[in-house]
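Q: only geometry, no sequence info:
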Ligand SMILES: [Fe+2]
């Protein structure tokens with residue numbers, strides 16, 4: 001079957017763009033592309049034209065998630081696959097493709113109404129990535145941007161949707177407190193997508209958090225110092241996950257969902273991967289910060 005192979009980009013609707021700046025620039029060291037006043041803010045984290053787009057507006061919400069395929073043939077094979085499976089998929093117009101900076105683009109909704117996009121040919125910019133703080137950079141490349149965790153009204157139906165339409169494969173499960181989370185991969189990254197029942201304040205189709213992975217633990221450690229100096233609220237302290245073994249912390253964005261800033265996640269080789277079931281998300285740390 002045709003499969004996506006990477007998380008390529010994320011779009012977010014934000015009410016208070018200015019409030020995001022300390023996280024985006026002082027902590028994560030992302031690079032802002034030049035823009036007209038009031039225009040969406042596009043952000044770089046590597047050689048791609050951009051990885052994040054923030055749309056100033058009246059809501060704080062996930063605008064879309066962009067999944068990448070390896071070839072143009074794969075793009076059209078996946079489009080046919082979605083059509084065959086009865087997904088209401090449309091090819092995007094030229095203006096949208098130019099805004100996303102991709103060659104080919106299709107759009108559809110997941111079972112909870114979260115907009116999903118699949119693209120081929122994300123623009124590689126000839127200008128180098130210029131981080132806004134001194135960082136080693138991000139682990140992207142063949143593993144993509146990182147991961148997203150979405151809440152789903154019916155997680156079993158959503159797991160089937162992403163497996164049967166986009167080719168995701170099972171990584172493992174964690175059940176703890178009120179949460180039941182399923183982790184899915186589409187490359188060597190332990191998970192590019194996780195789905196959980198609505199909990200921790202995330203409703204169906206909503207983004208709970210996205211994760212970016214630093215190339216150096218020192219980037220994360222210095223970021224941890226910076227969030228405390230800048231007064232950026234944490235939701236989980238520094239810790240290490242059971243399943244993907246990522247060392248990370250979680251900060252709360254002005255939109256209410258979180259960003260996980262991590263280092264050193266384990267990788268999956270599908271030829272010998274065993275799907276496991278965990279009863280806790282953490283080996284150590286990741287303590288909930290009271291608000
Ligand atoms: Fe995560």
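A: Happy to help now that I have it. Keep in mind that what you see is a predicted model, and the values were worked out from it rather than measured. Residues are numbered from 1 along each chain as shown.
Q: from now on I want contacts and neighbour counts done on CA atoms only, so please keep to that.
A: Fine.
Q: domain parsing for the chain?
A: Following automatic domain parsing, the chain resolves into domains at 6-120, 141-285.
Q: could I get the ones you listed as TSV with mean neighbour count and mean pLDDT?
A: Listed next are the domains of the chain as TSV, based on neighbours: other C-alpha atoms under 10 Å; pLDDT from 0 to 100:
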stretch	mean neighbour count	mean pLDDT
domain 6-120	18	98
domain 141-285	19	98
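Q: for residue 131, which of these is the nearest?
A: domain 6-120 (5.0 Å; C-alpha to C-alpha).
Q: what about that closest one, start to end distance?
A: With C-alpha to C-alpha, to the nearest Å as the measure, domain 6-120 spans 11 Å from end to end.
Q: dump the domains of the chain to a markdown table, plus distance to residue 135.
A: Below are the domains of the chain laid out as a markdown table (distance: least, C-alpha to C-alpha, whole Å):
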| stretch | distance to residue 135 |
| --- | --- |
| domain 6-120 | 7 |
| domain 141-285 | 6 |
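Q: quick one: contacts for the closest residue to residue 216 other than its chain neighbours?
A: Leaving aside its chain neighbours, residue 216 sits nearest to residue 136 (6.1 Å; criterion: C-alpha to C-alpha, 6 or more residues apart in numbering). Residue 136 sits next to 214-216, 219 when contact means C-alpha atoms under 8 Å, 6 or more residues apart in numbering.
Q: which one of these is nearest residue 95?
A: residue 214 (32.3 Å).
Q: quick check: bridge partners of the closest one?
A: residue 138, residue 263 (DSSP bridges).
Q: quick one: residues contacting it.
A: Residues near residue 214 by C-alpha under 8 Å, 6+ apart: 136-139, 220, 261-264.
Q: go again with 10 Å.
A: Counting by C-alpha atoms under 10 Å, 6 or more residues apart in numbering, residue 214 makes contact with 28, 135-140, 146, 220, 248, 261-265.
Q: so how far is residue 5 from residue 208?
A: 22 Å.
Q: all helices for this structure, in order.
A: Along the chain, counting by DSSP state H, helices occupy 17-21, 72-84, 94-100, 155-166, 217-230.
Q: now distance to residue 46 too, for those, in JSON lines please.
A: Compiled in JSON lines, the helices of the chain are given as follows (distance: least, C-alpha to C-alpha, whole Å):
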{"stretch": "helix 17-21", "distance to residue 46": "18"}
{"stretch": "helix 72-84", "distance to residue 46": "22"}
{"stretch": "helix 94-100", "distance to residue 46": "15"}
{"stretch": "helix 155-166", "distance to residue 46": "25"}
{"stretch": "helix 217-230", "distance to residue 46": "15"}
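Q: tell me the contacts of residue 183?
A: Counting by C-alpha under 10 Å, 6+ apart, residue 183 makes contact with 147, 149, 159, 168-174, 190-196, 243-244, 275.
Q: then residue 276?
A: Applying C-alpha under 10 Å, 6+ apart, we find residue 276 in contact with 170-174, 243.
Q: which strand residues bridge it?
A: Beta bridges link residue 276 to residue 172, judged by DSSP bridges.
Q: in strands, which of the contacts of residue 183 appear?
A: Counting by DSSP state E, these place 147, 149, 169-174, 193-196 in strands.
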